[in-house]
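Asks: sequence and predicted structure are below.
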Amino acid sequence: MTYLRLARKRLIFPSIVLFLSAFFLILPTLTARAAVTIQEVKSEKGITAWLVEDYSVPIIALRFVFDGGSTQDPDGKEGLANLMTGLFDEGAGDLDSDAFQERLDDAGAEMRISEGRDGISGAMRMLAEQKDEALDLLRLAIEKPRFDQAPIDRIRGQILAGITAGERDPNTAAETEWRRAVYGSHPYSRPSEGTKKSLATITADDLRAFHKATFARSGLHIAVVGAIDAKTLQRELDQLFGGLPEKQSLEQVLDADLKLGQQLQVTYDLPQTSIQMAFPGVKRSAPEFYAATLMNEILGGGTFTSRLFEEVREKRGLAYSIDSGLSNLEHASSLIVTTATRADRAIETLAVVRDAIKHTADEGPTEAELAAAKKYLVGAYAINNLDSSGAIASTLIGLQLNGLGIDYMDRRAGLIDSVTLDEVKAVAKRLLSVEPAVMVVGPALTDGSKG
Amino acid sequence: MKPDAHWLRRTVLTLAVVAISVAPTAAETASSEWKVTDFLLSNGMEVVIIPDRRAPIVTHMVWYKVGSADELPGKSGIAHFFEHLMFKATTSHATGEFDRAVAAIGGSNNAFTSYDYTAFHETVAPEALEQMMGFEADRMRNLILNDEVIATERDVVLEERRSRVDSNPDALLEEEVSATLYQNQPYRIPVIGWMQEIEKLNKTDAKLFYDRYYTPNNAVLVVAGDVEPDAVKAMAERTYGKVARGPDLPPRLRPVEPEQNTMRAVTLTDARVNVPSFSTQWVVPSYNTAKPGEAEALDLLAEILGGGSRSRLYQELVVKKGIAASAGASFAGTMLDDTSFSVYGAPRGDASLDQVEEAVKAEVVRIARDGVSADELEKAKNRFVRSMIFARDRQSSMANIYGSTLATGGTVEDVEKWPERIRKATAEDVRAAARYLVPDHATTGYLLPEAQTGN
């Protein structure tokens, strides 16, 4: 029961907001003393991983991503990817669920496979001295998951209980409505955990087909950090992933056309009104990405010094949490602003937020604000992205997914520093002048001036 | 109280980190690379330095030995509210200057308040450590409190309460379960405070609180990272060392719980709830109040009974009987006074909450009667011991383990010897610990859906 000065707020619409994610936000540069040296390791079978050797703690962290994710759920089988990821420690090869979990526990390893919209991620953290047992189990899980009926039914039952639990919750309703309204018919509009109806149709064969289509070497990204050398890793890579098919077989996913400029409301008698706004974002690969990142940092980013924090919380005490963040899914980019305020001052809060945004759109930031944001983003890299083996491995995967290159960390400060004030002003005007999608959850706004 | 709620999940997670991830033993680290240095400044401030040279980062924390359980009657929330006020202007720095200084070097900073402690922390490059110490030492004594900043920040805290508690049925229930579980101990009062009392907190309350508790002799400095102990010591003397010692505080002796002789039930029915859940809690000793070995046994008991997917509750209720969506147990050991042990569950499919509660109770009775097997015990110990190796992978985890232990009556040695003490626990110790879990003398919270006409 710990109270933070500012907890990163509980997102009412987590499915689209990924800010502070090492994967998608700007990845700052290291200081000259940084100890991270990235090696590219290629196995005999041609499997590539990025490795950071570090023997200071006798552990190894491994991360991988297969492209695809829940966007690949067939129509009517929504929730397939998510259900599958719940089943990798529920039996593989000759080991049933119980035997597999017991072996994993004995091996002293933690394994987690999880579904994202654009990919399936895996993570294993193990003790260096027990890596052989741990990696052997990971290989089995990746290559030969059993998808036995009893675990399928049990995990499905737990997911269904979660869906049932949210059926009368206004925030869950708001999330569903938001997804449909903003993404229209795009796969991002679907619930990644599925629906009661879709889950009921999923069979072991569906799981096997999905596994075969997505767990293949052509869409695989790997990063390893810890007490292991390149030679050993080469061998392990072939062991782990060498038995998988060569090519993924994925359905093409088009870029989403976000429907902004709409007002959404879930009316419910709550002590607070939650507000979420979506503006256009910029693609990770766009030239103006760094300008947009700096602009977002100044508007409502991760420090206690942003404009929105100052106007909404510090000056007026209207809210505990107020943030903005860039969201970069593979096929959709947006800038999201969220806050929660006492219901009787929701209209006032909305006006203050809109004013701060309009001011940023019209005038852009000041030279001093830009200089401070650059210093923050350049300096914050190690702290935000490299504070544990797992965090380093995730960061390396993010660099791979975004095609940023193994030398990105050396170049990043330069990319940020070279952004001009005019570029930030231009991107502020372009993104923030657009009428956003607005969702309001709480009591009806009294004077009818919705959003 | 509902384990799959944001509120409690966060709490359980925090407890697990504190309880499970403790520092390595001397034997495991061997080298002086991880050797922790611990000393007192002449003004009574305790300093703990944890070397971690893997990256040019340092975590700097100041832990004050004051939390919500130290508040005066009628002033609930002052500890947490005061934590917020610590970010306002001082005689040397304007409001926001510290935040801007941290941001300018790409650092991160925040603070948190719990029942027994309040901590302020910054993570920065080692070059900036002394600057952070300077800011932190300055606000230890030089804060300027005026009515205007107090009124605005109080509004922020009220929004925080609405956001984290009043909007959340799980949190509302948990608050009243605690007030029922603890009839006498101050843990019965929520850390954030009761709404009507927060609304009345004022400058006088803040000033009294500040002058009493924010002194070097009531604080622990924890520095973890790429630093040399001698250099840190010199910096600490140049900054914190200049702050005058405050009056000695009396020992933190708070009212203790009477024996519980009843079964207490607290029920919240809410229209937003669609799957019911329950949690049953008992008051048990903490690491600070337990007899030697008892708290370690309670940690192992919680792990074996309901610590994860290999635990008895999960295996019996979720896997074998197939009646639960979730089931588990937890023990919040790092507390100054007697603390809580809880078991919880929620049904899945056609099973009822009653069935789940009965099945949880049956496992509690069984473990108290028959104890645990040698194999279960060994596996639980292994998980705890390796979690300490994993904890070394994150500098802030280490800083939090030492800080929370030292702020709740423990010592550096307690942290370092924890794995040895875990290793020493016997099956009989665990069975004895389970005797605290008397089914008829417990406090249970129920989160229920509103009655519906057909669904």
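Replies: Nice, thanks for sending it over.
Asks: just say helix, strand or coil for residue 279.
Replies: Here I'm looking at chain A. The three-state label given to A:Phe279 by DSSP: H, G, I helix; E, B strand; the rest coil is strand.
Asks: correction: the question concerned chain B.
Replies: Classification of B:Ser279 using three-state DSSP returns strand.
Asks: what is the neighbour count of it?
Replies: In terms of burial, B:Ser279 registers 29 neighbours under the definition other Cβ atoms under 10 Å in any protein chain shown. (Each C-beta comes from the backbone N, C-alpha and C, glycine too.)
Asks: likewise A:Gln272?
Replies: Applying other Cβ under 10 Å, we find 23 other residues in the vicinity of A:Gln272.
Asks: report the beta-bridge partner residues of it.
Replies: Taking DSSP bridges, one obtains A:Arg342 as the residues bridged to A:Gln272.
Asks: surely it is in contact with B:Glu159?
Replies: Yes. Look at A:Gln272 against B:Glu159 with Cβ atoms under 8 Å: they come within range, at 7.2 Å.
Asks: quickly list what's touching both of the two.
Replies: Residues touching both A:Gln272 and B:Glu159 comprise A:Ala340, A:Thr341, A:Arg342, with contact defined as Cβ atoms under 8 Å, 6 or more residues apart in numbering or on different chains.
Asks: will you turn those into JSON lines that also has pLDDT, neighbour count and distance to A:Arg190?
Replies: Output for the shared contacts of A:Gln272 and B:Glu159, formatted as JSON lines (pLDDT from 0 to 100; neighbours: other Cβ atoms under 10 Å in any protein chain shown; distance: Cβ to Cβ, whole Å):
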{"residue": "A:Ala340", "pLDDT": "96", "neighbour count": "30", "distance to A:Arg190": "26"}
{"residue": "A:Thr341", "pLDDT": "95", "neighbour count": "30", "distance to A:Arg190": "31"}
{"residue": "A:Arg342", "pLDDT": "90", "neighbour count": "21", "distance to A:Arg190": "34"}
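Asks: which one of these is nearest to chain B?
Replies: When the shared contacts of A:Gln272 and B:Glu159 are ranked by distance to chain B (Cβ to the nearest Cβ), A:Ala340 comes first, at 5.1 Å.
Asks: helix/strand/coil for residue 446?
Replies: Since you didn't name a chain, this refers to chain A. Under three-state DSSP, A:Thr446 comes out as coil.
Asks: right idea, wrong chain: chain B
Replies: When the structure is reduced to helix, strand and coil (three-state DSSP), B:Tyr446 reads as strand.
Asks: what is it paired to in the beta sheet?
Replies: B:Thr267, B:Phe278.
Asks: give the contact list for it.
Replies: B:Leu173, B:Ala265, B:Val266, B:Thr267, B:Leu268, B:Pro276, B:Ser277, B:Phe278, B:Leu353.
Asks: you'd agree the third one is up against B:Leu173?
Replies: Yes. Using Cβ under 8 Å, B:Val266 is in contact with B:Leu173, at 6.8 Å.
Asks: neighbour count: these two, which is higher?
Replies: For the pair B:Val266 and B:Leu173, the greater number of neighbours falls to B:Leu173 (28 against 20), based on other Cβ under 10 Å.
Asks: the more buried one belongs to a helix?
Replies: Yes. Counting by three-state DSSP, B:Leu173 is found in a helix.
Asks: leaving out sequence neighbours, find the closest residue to it.
Replies: In space, and not counting its chain neighbours, B:Leu173 is closest to B:Leu268: 4.2 Å by Cβ to Cβ, 6 or more residues apart in numbering or on different chains.
Asks: and the gap between the one you found and A:Leu258?
Replies: The gap separating B:Leu268 from A:Leu258 is 39 Å, by Cβ to Cβ, to the nearest Å.
Asks: burial count for B:Ala119?
Replies: For B:Ala119, the tally of surrounding residues (other Cβ under 10 Å) stands at 24.
Asks: quick check: which element contains it?
Replies: When elements are assigned from DSSP states H and E, B:Ala119 belongs to strand B:118-124.
Asks: does chain A have contacts with that strand?
Replies: Yes. If you take Cβ under 8 Å from any Cβ of the partner chain as the test, strand B:118-124 does meet chain A, through B:Thr123, B:Val124.
Asks: next secondary structure element downstream of that strand?
Replies: helix B:129-141.
Asks: where does the chain dip in pLDDT?
Replies: You didn't pick a chain, so chain A it is. Along chain A, the parts satisfying pLDDT under 70 run over A:1-35, A:447-451.
Asks: think we crossed wires, I meant chain B
Replies: Low-confidence regions of chain B, defined here as pLDDT under 70, cover residues B:1-33, B:452-455.
Asks: so what's the nearest residue to B:Gly349 once chain neighbours are set aside up against?
Replies: The spatial neighbour of B:Gly349 that comes closest, neighbours along the chain excluded (Cβ to Cβ, 6+ apart), is A:Gly157 at 5.5 Å. With contact taken as Cβ under 8 Å, 6+ apart, A:Gly157 is in contact with B:Gly322, B:Ala325, B:Arg348, B:Gly349.
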